[in-house]
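Q: Let me see the structure of the following:
(one chain, ligands or ions: 2)
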Amino acid sequence: MYPIMVNLEYKRVVIIGGGKVATHKTEKLLQQKANIVVISPTLTDALYTYAVNGEIEWVNRSYQEGDTKDAFLVIAATNDPYVNKEVKNSCLNNQLINVVDSSEDSNFYNMAFLERGMLKIAISTEGASPLLAKQMKRDIMSFLDDSYDDYLIFLQKARKKIKTTVLDEKRRLFLLGELLQDRFRKNEVERELFLKNLS
Ligand SMILES: C[C@@]1(CC(=O)O)C2=NC(=C\c3[nH]c(c(CCC(=O)O)c3CC(=O)O)Cc3[nH]c(c(CC(=O)O)c3CCC(=O)O)/C=C3\N/C(=C\2)[C@@H](CCC(=O)O)[C@]3(C)CC(=O)O)/[C@H]1CCC(=O)O
Ligand SMILES: NC(=O)c1ccc[n+]([C@@H]2O[C@H](COP(=O)([O-])OP(=O)(O)OC[C@H]3O[C@@H](n4cnc5c(N)ncnc54)[C@H](O)[C@@H]3O)[C@@H](O)[C@H]2O)c1
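A: Ligands and ions are numbered 1, 2, ... in the order given. I've put the predicted structure just below:
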């Protein structure tokens, strides 16, 4: 498995099934501004609300052949393994497909994910224990205090400036390494001084 970050903004995402798991996946995908279509004869209350509010499109029927056509990403989330398998078989090689009850039938799966501003951390146990992934997420979050939010903004700014103003490659790498000193994360004055000295 090859980890990457995928931009799903305005991408067509088709979710087959409207139960608890489909609801959880929909909520994650809505945060990414995907165009979500849910195909299912029943919906949870939460999904129904999203449909009524126009946040998702609801196709009120069971899965039919052809439903995955033109989807960038597909999630087979029914409670019927036979239907989930059919959904998987209907997908083309170049479509992303996650079958919620079968890693073998999926060409991607979801990772436990945490964000601290621009810092993103994703954890996988390859399905061995999603609960361990959840616990590790909490453990990692507990030592990532909110100083990282501003620190990442500083790192981005400083890196951009170093790349445009420092022509010597060795010096550039040296300075990029210097930025990792803890004093820059902890102290705003140190950050401002560093930026000032660069210009
Ligand atoms: C990222 C996250 C969801 C997300 O955010 O999308 C996620 N599972 C989460 C939570 C969670 N899932 C389950 C429980 C109940 C406890 C338990 O069963 O252990 C809990 C805990 C909870 O809900 O509190 C049940 C479960 N999960 C899968 C199956 C089917 C199977 O095992 O075959 C079953 C059992 C069905 C059954 O027995 O009926 C399969 C998968 N779950 C994955 C991801 C992929 C592997 C990720 C990995 O291992 O690292 C994979 C392979 C496919 C996929 O879904 O992509 C989220 C991470 C935690 C977080 O971030 O908080
Ligand atoms: N990957 C994960 O994170 C994860 C976590 C928990 C459970 N699961 C697995 O996910 C599956 C679904 O669990 P759930 O709790 O959401 O079930 P659920 O019973 O809450 O929902 C099932 C949904 O599928 C719909 N459905 C059934 N047949 C359909 C068809 N032919 N076409 C379209 N929709 C159809 C139902 O109407 C319902 O909306 C189970 O197999 C479960 O083992 C996966």
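Q: How many residues are close by the residue of the chain found nearest ligand 2?
A: Across the chain, the shortest distance to ligand 2 (Cβ to the nearest ligand atom) belongs to Gly19, at 1.8 Å. The way it works is simple: take the backbone N, C-alpha and C, and place the C-beta from them, glycine included. Gly19: 16 surrounding residues under other Cβ atoms under 10 Å.
Q: Next to ligand 1 in this structure, residues from the protein, please.
A: 25, 28, 98, 100-101, 103, 109-112, 124-128, 130-131, 133-134, 137 (Cβ under 6 Å from any ligand atom).
Q: okay but the residue of the chain closest to ligand 2 is in contact with Asn79, surely?
A: Yes - with contact defined as Cβ atoms under 8 Å, Gly19 counts as touching Asn79 (6.3 Å).
Q: Now the longest helix seen in the chain: buried residues?
A: Secondary structure of the chain per DSSP state H: the longest helix is helix 147-165. Neighbour-count burial for helix 147-165 flags Tyr148, Tyr151, Phe154, Leu155, Ala158, Ile162 (criterion: 16 or more other Cβ atoms under 10 Å).
Q: Same list, these, but only the ones touching ligand 2.
A: Checked against ligand 2 using Cβ under 6 Å from any ligand atom, the buried residues of helix 147-165 give no members in range.
Q: which pair in these spans the largest distance?
A: Tyr148 and Ile162 (20.0 Å; Cβ to Cβ).
Q: CA atoms only for the longest helix of the chain - export them in PDB, please.
A: In PDB, the C-alpha atoms belonging to helix 147-165 read as follows (Å, rounded to 0.1, in the frame of the first residue of the first chain):
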ATOM      1  CA  SER A 147       2.100  25.700  19.400                       C
ATOM      2  CA  TYR A 148       2.400  23.600  16.300                       C
ATOM      3  CA  ASP A 149      -0.300  25.600  14.400                       C
ATOM      4  CA  ASP A 150       1.800  28.800  14.400                       C
ATOM      5  CA  TYR A 151       5.100  26.900  14.100                       C
ATOM      6  CA  LEU A 152       4.000  25.300  10.800                       C
ATOM      7  CA  ILE A 153       2.900  28.700   9.500                       C
ATOM      8  CA  PHE A 154       6.400  30.100  10.400                       C
ATOM      9  CA  LEU A 155       8.200  27.100   8.800                       C
ATOM     10  CA  GLN A 156       6.300  27.600   5.600                       C
ATOM     11  CA  LYS A 157       7.000  31.300   5.500                       C
ATOM     12  CA  ALA A 158      10.700  30.800   6.400                       C
ATOM     13  CA  ARG A 159      11.200  28.000   3.900                       C
ATOM     14  CA  LYS A 160       9.700  30.100   1.100                       C
ATOM     15  CA  LYS A 161      12.000  33.000   2.000                       C
ATOM     16  CA  ILE A 162      15.100  30.800   2.300                       C
ATOM     17  CA  LYS A 163      14.300  29.300  -1.100                       C
ATOM     18  CA  THR A 164      14.100  32.700  -2.800                       C
ATOM     19  CA  THR A 165      16.900  34.500  -1.000                       C
END
